Structure formats: structure tokens, C-alpha cells
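Q: Got a sequence here, can you model it:
(chains A and B)
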Protein chains: 2
Amino acid sequence: MGYSSFISVQPKISMSILQKGYDTLSKKAASDLKGDAVSKLLEDLILESLKFLEEKCKRLELTSSVSDKQYCAFQIKGNTSNFSRPVNSGLFDATLTRRLLKRLTNADLRTIDANDRARALYTAAISYPSATDILKKDDRKTPSKFFEDLVGHLVSKALAVNPEKKIKVLAEVAPLIPGQDSPKPEQTLPTDFVFDLGPNKSRIHLPVKMSTRERVIQVWAHQRVLDGVYGINRFKGILVCLTETNMKRKDMSVVEVCLPDQWAIYQMFIAQLFRIYYFDPPVAYAPLANRYPFIQVKHFSSFFDELEKASTGLEG
Amino acid sequence: MGYSSFISVQPKISMSILQKGYDTLSKKAASDLKGDAVSKLLEDLILESLKFLEEKCKRLELTSSVSDKQYCAFQIKGNTSNFSRPVNSGLFDATLTRRLLKRLTNADLRTIDANDRARALYTAAISYPSATDILKKDDRKTPSKFFEDLVGHLVSKALAVNPEKKIKVLAEVAPLIPGQDSPKPEQTLPTDFVFDLGPNKSRIHLPVKMSTRERVIQVWAHQRVLDGVYGINRFKGILVCLTETNMKRKDMSVVEVCLPDQWAIYQMFIAQLFRIYYFDPPVAYAPLANRYPFIQVKHFSSFFDELEKASTGLEG
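A: Below you'll find the model as predicted:
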């Protein structure tokens, strides 16, 4: 059965609601990422997505190859041809209420019990991407942008400052290059989020990725450029990822794709990242914190407990 | 008019011939990249592609926004809906004969006049990709693999050694990491081509890309890892690219997409690449050779004149 033939009237309505919510969020996020309007739009979109998953879909249990984790996928009831990405059942909480969500998006996070916080954050982050997997074919762009807006909003709210998405590296560097006629202040290096917390604070370099796969070396390379131009550790590198799960359609099993030894090499020979946060931290990365070169991989909920470490010169 | 409806019988035959040639080439290239069998398969595939372009297609002149370069695109006669990537008319030589091609693939390159050599190399490299643009919808994989095989063949023939596509970085590094129980010789870092020329020669790190776009920072980052693990300059970094042209469909104009200032930053703060070769060198990169940090961007035909510099400790 082809894709277009199974979309009945009800899912079309769901898709249109989510699409509209996503579009409005994208626009507002571009103008004031930490603003209350973005909080509200995120809440609405997350709750609509969860409502669709809970009311219109059923759960399909997946075979987990990851120790101590269970995964499911969502499918529209009565239809088996299209399903969501794997969802960690232990971290997913379909009953996430607007009340709890408000506490997330209002930077009230630290007062939420650590387990509840981790589950609420994961559920919020996986909601729209999972619904979109089912409702739109091969849409990788909007789940990724939604996730970037969610993380960017939570972090900028917590730091009380909006990020930049480009830095004037070239203006800083131009005077160092003989034969450059003049600095080129208009030219910038596109980056992920960078936060300037003020003169006596660290700055934060915050790449956001759905998963790392093979391209993560870029994150270390950008960190190296920042270290070179601005001085080592002037920017703290914090990578935020959703998950590293991969579903094998053949047998509907879930694995985590991890390259801990390659990461160790990047951390040894390219640059040092301060933290790597996941919404569903991969099992294979946990031991990296305990041996040289000490890559600290944690649940994203820990970010809010470590705000001071990230924003000051304190190591940790 | 949809794509499938315009493919008449004749193009279908062309597509099937090219597809078969590509498949056989891919298989042989994997087992002995510098071998004579690969020379012959490359010659056949290039000549078949040129024959298709010349006999079944017509040229459409494009508007060039690049100074001193003219571009055309190929279209099947009588059909205007599908066309090739931009082809540099000054470098394209449709009359490329098997005799000249044999001299290319038999490492007899240095005896060919520099201009003829540059044109022959460009024509060979753009042939199959252009034909495929017309015959197959959205196929980015096979043109890219063809180009990698062509460059890999010419370089390995000239160096008289086949490359590796992964290196045992992890076995080298494992002893440096406390708590690693043992080296992991079975684990490797996937790379682009690396050539080991023997104990008293440089090694060569040779990434091959159709164009660089935003992901080129990876090349500098890999070079940095090699410098860190094996010592600076143990591997000479040589990036080989086809072109940086981009066609705007709106007005059928061609631009070169270049980021010379970003490249300078990578060369200053990540690692030093020895050479960057293009089959159609972008105008904006030529001046980089004359100012710090001295990135030497040249036509790929120069590689064969600089073999000694690349393979020994001689700087240049």
C-alpha cells in the first residue's frame, strides 16, 4: 500500500495542526529564542504531538539490543506500514501534562525531581519527531529544527541570554593574515549556537544534533577553531544530542550506534569538549568519563545542575 | 512531463551500458585500484559516456558568472527537461581519444603537454557524472564513486602502490589511554585514501570530493588526528576535488561557491594541508597560495609534476 493512500482524513488533520504549530514556532524562535512566546508554542506543539501519539496510534514493542532499555514504536491504529523512530519506553511519559511542561519551559527545572525531569525532557524532545515520522514521509528537517529550537530555548532561558548562530571569527583573524587589506567584519563563520555570558564568564559553544553518526568530528574541529582564535577554553564546548538509536527494519530491533574509541581520539588530538548531553544517553559512552581523555557524557537534565560549572571558569 | 515518460528506448540502452560499466569498474577498483584492468574499465566507461554526450545530446550554453570561464550543459536532443551539471567548455574536449586516454591511465601523464593533460583529465572526470545526471534522476552516489575510483587509480598508478581506506589509529593510540586493557588492532579509523610509500618516504592522506561545500572542515580535522597520532607532516594531506560550480536553475547561470577565508582559518588553526587539487580550479582559491597560511590550490594535472615533493620530505 502506497504512502498517500493510507492517510485518511483524521491523520491529515493531525498533520495540518502539527505543521502549523511547527511553522509558527520556527518563526518565533528565530526572533527571540528564550522568549515566553516560544515556551507557549513549544508546549502546544509537544502536547498536540503526544495527543496524536496516544489517541490515534498504538505502540509496537521493539526488540532491544541495548541492555536495560526497552523501546517501542508508534503506528497509526489499523495501519502497519508507517511507524515512528524507536522511543525509549522507560523515559517516555505519555501523561506529561501542561503543568509539568510549563515548569520545564519556565526554567523551573532544577526543582523537579531528577528522574521526573529526565523523563519529561525526553518525552518533550521525542514527541514531535515521532509524530512527524508517522505523518510525513522522509521529513528529517523539521524534527531536527524542532529539537534545535527546544534545546536552544531551554538553554537560553537557563542562561538568560539568546545565542548567536555565527561568530565574527574572520574579523578577529584578518589582522593576523599578512596581505589582508582590512578586517572583514561583515564576514562570519557559521556555527551552531554560541552564548556570550559576559566579560567574566565562559562563553558556550553548543552544537545540537539529533544523533552524531560519522559527522561528529566537525564538532571537535569547530571547538579547535574557537580555541585557536579566542584562546583555549574561552568557549566551553557542549554537544547536545537526542539519541544514538538505530532501528533495523528487518527484525524490528534497536541498537545504539556508538564510536567511543574514535571520540577518545578526537578528544585527545583535536580539542576538548566540556560535556556531551543526551536525552537518552547511550550505554557505551558512560565509561568515557572515568578514563583519559575523560569525556563526560550525561543526561541533558544534568545540564541544569551544572549551570555554574558551564558558565564560569570552574572545571568539573 | 514526468521523468520516466521521456526516457525513450535509445537513452535506456545508454543507461544500461553505463550502469554495467560502472558496476564492473566498482568491483575491480575494490580489489586492485592501480591495476591494468581498472585502466581499461575506466577508458571504456569514459568513452561510452562521451559518446552518449556527443551523439545523443546537444549543448546548452549557460551564463557564466565566473570570469574567464564558459560553461555549457548537455541535454538529450528533443528533450529539455533534464540536463547535466555545468561543464567547463574550455576544459572539455569531446574528441578525447582512446589513445590519449591510455596515456592518462598508464601513468604516462608527464609526457603530455600541460594544457592537453589538464583538458584530458577534466574531460575524463566530468564524462560519466554528466551522462548520469541526464540518464538517472538524483543519483549522487555513482558519479562520486566513479570520481573516487578515477582519482584513486591515477594516483596509485603514479605512486605504484595501492591505498588503504582505513588506518589502525586505534592500535597506535590504545597504549596511551590508561585503563585500556589492551591495544585493539582490529579497530580502525575509517578515512579517505591513505598511501604508505615505505619507511623513508612521506605517507599521503588523500581525501577525494566532488566539491567541498560546508563539510570540508572534516578534511582538516582528519589531518589533525593523523598529525597528532603519527607526528606532524608524517602524512601529507592532499585534497582532490572535481569542481565548485553551482548552477542556478532560475536563470541557468553558473557560479563558483568558495570560502577562502574559512579555509585560511582551518589551515591556521586545525592543520596544514599540503595541496588542494581541482580538475577545474576555482578562481577565488588561486590567491591563497601567495599569502599566509599559504594554501596551494592547483589543477590536478600538476600533481604528476610534483610527485617527488609529495612523496618525500621536500617542502614545496
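
Q: ok, the residue of the stretch 101-250 of chain A at minimum distance from chain B - contacts?
A: Ranked by C-beta to the nearest C-beta, the top residue of the stretch 101-250 of chain A for proximity to chain B is residue A:228, at 3.2 Å. No exception for glycine: its C-beta is placed from N, CA and C like everyone else's. Shown in contact with residue A:228 (C-beta atoms under 8 Å, 6 or more residues apart in numbering or on different chains): B:268, B:269, B:270.

Q: I'd like those residues written out as JSON lines, with neighbour count and secondary structure added.
A: Supplementary listing: those in JSON lines, determined by neighbours: other C-beta atoms under 10 Å in any protein chain shown; DSSP: H, G, I helix; E, B strand; the rest coil:
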{"residue": "B:268", "neighbour count": "18", "secondary structure": "helix"}
{"residue": "B:269", "neighbour count": "20", "secondary structure": "helix"}
{"residue": "B:270", "neighbour count": "24", "secondary structure": "coil"}
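
Q: Would you convert those into JSON lines that also reports distance to chain A?
A: Listed next are those as JSON lines, based on distance: C-beta to the nearest C-beta, whole Å:
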{"residue": "B:268", "distance to chain A": "7"}
{"residue": "B:269", "distance to chain A": "3"}
{"residue": "B:270", "distance to chain A": "5"}
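
Q: Which single one of those is nearest to residue B:143?
A: residue B:270 (28.3 Å; C-beta to C-beta).

Q: wait, that closest one sits on residue B:220?
A: Yes. With contact defined as C-beta atoms under 8 Å, residue B:270 reaches residue B:220; the gap is 4.0 Å.

Q: Now do the buried residues in stretch A:46-55.
A: Applying a neighbour-count criterion of 16 or more other C-beta atoms under 10 Å in any protein chain shown, one finds A:46, A:47, A:48, A:49, A:50, A:52, A:53 buried in stretch A:46-55.

Q: mind putting these in JSON lines, distance to chain B, pLDDT and secondary structure included?
A: Putting these into JSON lines (distance: C-beta to the nearest C-beta, whole Å; pLDDT from 0 to 100; DSSP: H, G, I helix; E, B strand; the rest coil) gives the following:
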{"residue": "A:46", "distance to chain B": "30", "pLDDT": "96", "secondary structure": "helix"}
{"residue": "A:47", "distance to chain B": "35", "pLDDT": "95", "secondary structure": "helix"}
{"residue": "A:48", "distance to chain B": "33", "pLDDT": "95", "secondary structure": "helix"}
{"residue": "A:49", "distance to chain B": "30", "pLDDT": "96", "secondary structure": "helix"}
{"residue": "A:50", "distance to chain B": "34", "pLDDT": "95", "secondary structure": "helix"}
{"residue": "A:52", "distance to chain B": "31", "pLDDT": "94", "secondary structure": "helix"}
{"residue": "A:53", "distance to chain B": "32", "pLDDT": "95", "secondary structure": "helix"}
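
Q: picking that back up, could you give the angle of the helix or strand hosting the residue of the stretch 101-250 of chain A closest to chain B to helix B:217-230?
A: Secondary-structure assignment from DSSP states H and E places residue A:228 in helix A:217-230. Relative orientation of helix A:217-230 versus helix B:217-230 (axes from the mean of the first three to the mean of the last three C-alpha atoms, to 10 degrees): 80 degrees.

Q: buried set for helix A:217-230?
A: Buried-residue list, helix A:217-230, by 16+ other C-beta under 10 Å: A:217-229.

Q: Please apply the same query to stretch A:102-111.
A: Applying 16+ other C-beta under 10 Å to stretch A:102-111 flags A:103, A:104, A:105, A:107, A:109 as buried.

Q: residue ranges of the strands in the stretch 201-316 of chain A, please?
A: All strands of the stretch 201-316 of chain A, identified by DSSP state E, counting those that start in this stretch, fall at A:203-206, A:208-209, A:235-241, A:245-248, A:253-256, A:275-278, A:297-299.

Q: quick one on the thing from earlier: are there residues contacting both of residue B:270 and residue B:220? Which ones?
A: residue A:221.

Q: ok so, going back, any chance of the buried residues of helix A:217-230 in TSV, plus pLDDT?
A: Converted to TSV, those look like this (pLDDT from 0 to 100):
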residue	pLDDT
A:217	94
A:218	94
A:219	95
A:220	96
A:221	95
A:222	93
A:223	95
A:224	96
A:225	93
A:226	92
A:227	93
A:228	91
A:229	87
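
Q: Beyond the helix or strand of chain A with the lowest mean pLDDT, next helix or strand please.
A: Scoring the helices and strands of chain A by mean pLDDT, DSSP states H and E places helix A:3-6 at the bottom, with a mean of 44. Reading on from helix A:3-6 to the C-terminus, the next helix or strand found by DSSP H and E is helix A:9-31.

Q: Can you give the contact residues for that next one?
A: A:7, A:35, A:37-38, A:41-42, A:44-45, A:48-49, A:52, A:56, A:76, A:128, A:131-132, A:134-136, A:142, A:145-146, A:149, A:152-153.

Q: Do any residues in stretch A:201-220 lie close to chain B?
A: Yes. With C-beta under 8 Å from any C-beta of the partner chain as the criterion, chain B is reached by stretch A:201-220 at A:214, A:215, A:217, A:218, A:220.

Q: So the second one sits against residue B:221, correct?
A: No. Assessed by C-beta under 8 Å, residue A:215 is found out of contact with residue B:221, at 10.4 Å.

Q: Give me the distance between the residue of the stretch 101-250 of chain A closest to chain B and residue B:301.
A: In this view, residue A:228 and residue B:301 are 34 Å apart by C-beta to C-beta, to the nearest Å.

Q: Same list (the buried residues of stretch A:46-55) but as a markdown table, adding distance to residue A:263.
A: As requested, these are exported to a markdown table (distance: C-beta to C-beta, whole Å):
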| residue | distance to residue A:263 |
| --- | --- |
| A:46 | 30 |
| A:47 | 35 |
| A:48 | 36 |
| A:49 | 31 |
| A:50 | 33 |
| A:52 | 36 |
| A:53 | 32 |
